[in-house]
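In: Quick one: sequence and predicted model below, then my questions.
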Amino acid sequence: TDVRLDVITIFPDYLAPLDLSLIGKARREGLIDLRVHDLREHAHDRHRTVDDTPYGGGAGMVMKPEPWGEALDELVGGHHEEGAETGAVPHLIIPGPGGIPFTQQTARDLATEPWLAFACGRYEGIDERVYEEAAERMPVSVISLGDYVLNGGEVAVLSMVEAIARLIPGVIGNEQSLVEESHEDGLLEYPVYTKPASWRGREVPEILLSGNHGAIADWRHEQRLRRTAARRPDLLSD
Ligand code: 6GU
């Protein structure tokens with residue numbers, strides 16, 4: 001396998017879409033070894049409790065450290081578990097709105113790593129000592145998709161895994177489609193059209209029917225600049 005991905009969550013069913021489409025195909029072809037783990041298997045009380053009230057007070061619940069400690073032990077080999085022989089560790093990604101921004105460059109960097117693990121938090125977050133201890137054992141990154149709040153890391157992991165996996169050689173058939181897309185060179189993509197040439201009184205721009213490939217390339221570049229200026233001026237200034 002080219003890459004191993006582990007996801008630890010209290011909602012394994014949230015990751016079911018990773019069986020579908022290009023990612024599902026890459027898994028079945030053995031390009032991606034993706035394993036989803038239920039955190040509750042490491043909660044040993046009667047009710048399989050994974051959360052508790054915050055020290056110091058405040059709203060909501062905090063994820064308890066013990067289940068996370070055990071789940072990460074099982075992954076990297078805490079004392080005598082599988083993996084302890086080689087000393088290999090994953091790069092642990094913890095999704096959260098308080099993390100560093102996830103960008104196409106983040107996806108490119110993570111796509112070169114042989115082993116990634118994603119720890120999905122819920123409630124108000126994970127006990128801080130889990131981050132501290134994990135960081136002594138493996139690289140840890142807290143990563144955010146953007147400035148808005150999701151209920152947990154699962155949906156963020158779906159996005160991150162898709163963005164990363166499609167950059168792994170062999171996962172996408174047409175590699176050229178990877179270089180000609182938004183965020184690969186700092187500009188948004190140009191508008192695209194297909195048949196019919198006339199639809200509900202709207203015409204495809206004449207230049208695209210001209211067969212003049214130089215003029216088409218110039219038009220597309222101009223469209224990319226205009227679109228980026230209108231929608232994402234931040235990409236042009238900084
Ligand atoms: Cl990565 N996680 C959560 N829970 N909320 C988010 C996020 C991540 N990115 C933006 N909001």
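Out: Arrived safely, thanks for sending. All figures in this text were calculated on a predicted structure; none of them were measured in a lab.

In: any idea what sits nearest the residue nearest to the spatial centre of the chain, other than its immediate chain neighbours?
Out: Using Cα atoms, centre = their mean, the residue of the chain that lies closest to the mean C-alpha position is residue 160, 0.6 Å off. Leaving aside its sequence neighbours, residue 160 sits nearest to residue 102 (Cβ to Cβ, 6 or more residues apart in numbering; 6.2 Å). Just so you know, the C-beta spots here come from the backbone N, C-alpha and C atoms, and that holds for glycine as well.

In: where does the one you found land on pLDDT?
Out: Residue 102 carries a pLDDT value of 98.

In: Return the residues in contact with it.
Out: Applying Cβ atoms under 8 Å, 6 or more residues apart in numbering, we find residue 102 in contact with 143, 144, 145, 146, 156, 159, 160, 163.

In: I'd like to check what contacts the strand ranked longest in the chain. Which residues are they?
Out: Assignment by DSSP state E gives strand 91-101 as the longest strand of the chain. With Cβ under 8 Å, 6+ apart as the test, strand 91-101 has contacts from 72, 106, 110, 113, 115-121, 125-126, 131, 134, 138-150, 153, 156-157, 160.

In: Which of those fall in strands?
Out: Per DSSP E, the contacts of strand 91-101 map to strands at 115, 116, 117, 118, 119, 140, 141, 142, 143, 144.

In: distance of the fifth one from residue 161?
Out: Translated: residue 119. 13 Å (Cβ to Cβ, to the nearest Å).

In: Does anything pack onto the lowest-mean-pLDDT helix or strand in the chain? Which helices or strands?
Out: Using mean pLDDT, DSSP states H and E, helix 176-179 stands out as the lowest-scoring helix or strand of the chain, at a mean of 76. Using 3 or more Cβ pairs under 8 Å, 6 or more residues apart in numbering; DSSP states H and E as the contact test, no helix or strand touches helix 176-179.

In: Tell me which helix or strand comes right after it.
Out: Following helix 176-179 in sequence order, the next helix or strand is strand 198-199 (DSSP states H and E).

In: Which residue of residue 119 and residue 161 possesses the greater neighbour count?
Out: residue 119 (28 against 23; other Cβ atoms under 10 Å).

In: Identify the residues contacting that one.
Out: Taking Cβ under 8 Å, 6+ apart, we find residue 119 in contact with 8, 68, 71, 72, 92, 93, 94, 95, 126, 130, 134, 153.

In: Run through the bridge partners of it.
Out: Listed by DSSP bridges, the beta-bridge partners for residue 119 are residue 8.

In: go on, residue 34?
Out: residue 5.

In: Touching, it and residue 161? I think so.
Out: Yes. The criterion here is Cβ atoms under 8 Å, and residue 34 meets it with residue 161 at 7.5 Å.

In: Mutual contacts of those two, please.
Out: Counting by Cβ under 8 Å, 6+ apart, the contacts common to residue 34 and residue 161 are 5, 7, 18, 23.

In: Quick check, pLDDT for the second one.
Out: If I follow you right, that is residue 7. At residue 7, the model reports a pLDDT of 98.

In: where does this protein come near the ligand, residue by residue?
Out: Counting by Cβ under 6 Å from any ligand atom, the chain comes close to the ligand at 95-97, 143-146, 148-150, 152-153, 156.
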